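[1] Structural data only, the sequence is not supplied:
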C-alpha cells in the first residue's frame, strides 16, 4: 500500500502572489502613447529637384516669430484648415487650385481627384516646435475631415468605422501629401 | 421550556482561503500583461505639445524613443541649459542618431524592421532647427515612420 503523502501547505502561495501583485502594481504605467504619425520621405540626392506646378502646391510657411504665411499672405491658425480643405478638394474645379486627374478607385469607381497636389510645409530654424505642431495638426485635421465627409457621403459611416478596404479607398481619394521641406533661413 | 436550547458560543467556521490565491493570481496576470516597465530615466525636460488629430502608438516593441529638450535640474550644471538630445540613458549629438537607429534596428526581429517607429518626444518650446537636424538624420538612417508625441487637447480653442 502506497504511503499517503501529507498535503502540502498552500497557505503561503497567496502571500507570494500578493508580493508579485504589489510589485507589478507599482511598476505599471498605464499611459498609452499618442502622437501625430508622419512618414518621412526617403533620402534623395541633393541635386534631384522635383518640379511641381505652381497651382498644385500650397506653401505654408511658419516664420521665426511663429506667424503663419499661406501663399504669401499672413493668416490665422483657425483659417488654415478651411484653406487646406479647399485646396485639397478643389470642389469647383478652379484653375487656380490643383489639377484633377481621373483615376479608378475600388468601391468609388472612376473619379477625378487632385492627385498631384502637395502641401509644402516650411519653417524657420527658430520656429517653435509647438507652433509647427499646431500647423501640422490643422493640416491633418483638414485631411481627416475631408475623409470623414467622403465616407459619410458614400458609405454612411465615419472613416474610423469603415473596414480596412473601404478605408483604403477613401484614403486613396484624399492621399495625404504634406511635404516637410528642409528649413530655409530668411 | 425547552423550545429554545440555550446554545453556547456558536463556533464561526474557519474561512476557506484556498480561492484567495486564485483571485490574487488573476489580478497578478492582469497587471503582468498590461505592465510596461519604465523605459528610461529622463535627463531632459519634455513637455509635449497638444493636438487633436492623434493616433495611438501600438506595439511598444517596435518603438524607439528620442527625447529632445532642455536638461533637467540635476543635469543642468553639467550640461548647460541648451536644448539637448537624449538617446537611451545618455545625452547625444545629432550625428550619433544614425548609429543609434541602426543599433536599435539590429536588435529587432528582421520581419519587424520595416515597421519600426521612432517616437519623437520633443519639448514644446524647442526650436525647429534641432528638430529638423534630427529629422534629416532619421531620413538618412531610413527610419521613416515617425510619431511626434503629443497629448490630447481638451478644449478646441487655439492660441
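    Received, thanks. Note that the structure is predicted; figures quoted are calculated from it, not measured.
[2] Next secondary structure element downstream of the longest strand anywhere in chain B?
    Longest strand of chain B, by residue count under DSSP state E: strand B:63-71. Following strand B:63-71 in sequence order, the next helix or strand is helix B:73-79 (DSSP states H and E).
[3] Report the buried residues of that following helix.
    Within helix B:73-79, the residues that count as buried by 16 or more other CB atoms under 10 Å in any protein chain shown are residue B:75. In this view, the C-beta of every residue, glycine as well, is placed from N, C-alpha and C.
[4] and residue B:61, how many neighbours?
    10 (other CB atoms under 10 Å in any protein chain shown).
[5] ends of stretch B:31-49, how far apart?
    30 Å (CA to CA, to the nearest Å).
[6] What residues of that stretch count as buried?
    B:31, B:35, B:43, B:44, B:45, B:46, B:48, B:49.
[7] Now tell me what touches the longest strand of chain B from outside.
    With CB atoms under 8 Å, 6 or more residues apart in numbering or on different chains as the contact definition, strand B:63-71 has outside contacts at A:33, B:39-40, B:42-47, B:57, B:76, B:78-87, B:91, B:97, B:100-101, B:104, B:116-123, B:126, B:130-131, B:134, B:143, B:147.
[8] ditto for stretch B:115-124
    By CB under 8 Å, 6+ apart, stretch B:115-124 touches A:33, A:35, A:37, A:128-130, A:133, B:44-49, B:57, B:59, B:62-70, B:83, B:101, B:104-105, B:108, B:131, B:134, B:138, B:143, B:145-149.
[9] measure the closest residue to chain B within chain A to residue A:66 for me?
    Nearest residue of chain A to chain B (CB to the nearest CB) works out as residue A:125 at 3.4 Å. For residue A:125, the distance to residue A:66 equals 13 Å [CB to CB, to the nearest Å].
[10] Show me whatever sits in contact with both of the two.
    Common neighbours of residue A:125 and residue A:66 (CB under 8 Å, 6+ apart) do not exist.
[11] Can you point out the buried residues in the helix or strand that contains residue A:151?
    In the assignment (DSSP H and E), residue A:151 maps to helix A:129-155. Neighbour counts using 16+ other CB under 10 Å place A:129-147, A:149-151, A:155 of helix A:129-155 among the buried residues.
[12] Among those residues, which ones lie close to chain B?
    A:129, A:130, A:132, A:133, A:134, A:136, A:137, A:140, A:141, A:144 (CB under 8 Å from any CB of the partner chain).
[13] Verify the stated contact: the fifth one with residue B:49.
    Yes - Residue A:134 lies in contact with residue B:49 (CB atoms under 8 Å); the separation is 7.5 Å.
[14] Done for today, thanks.
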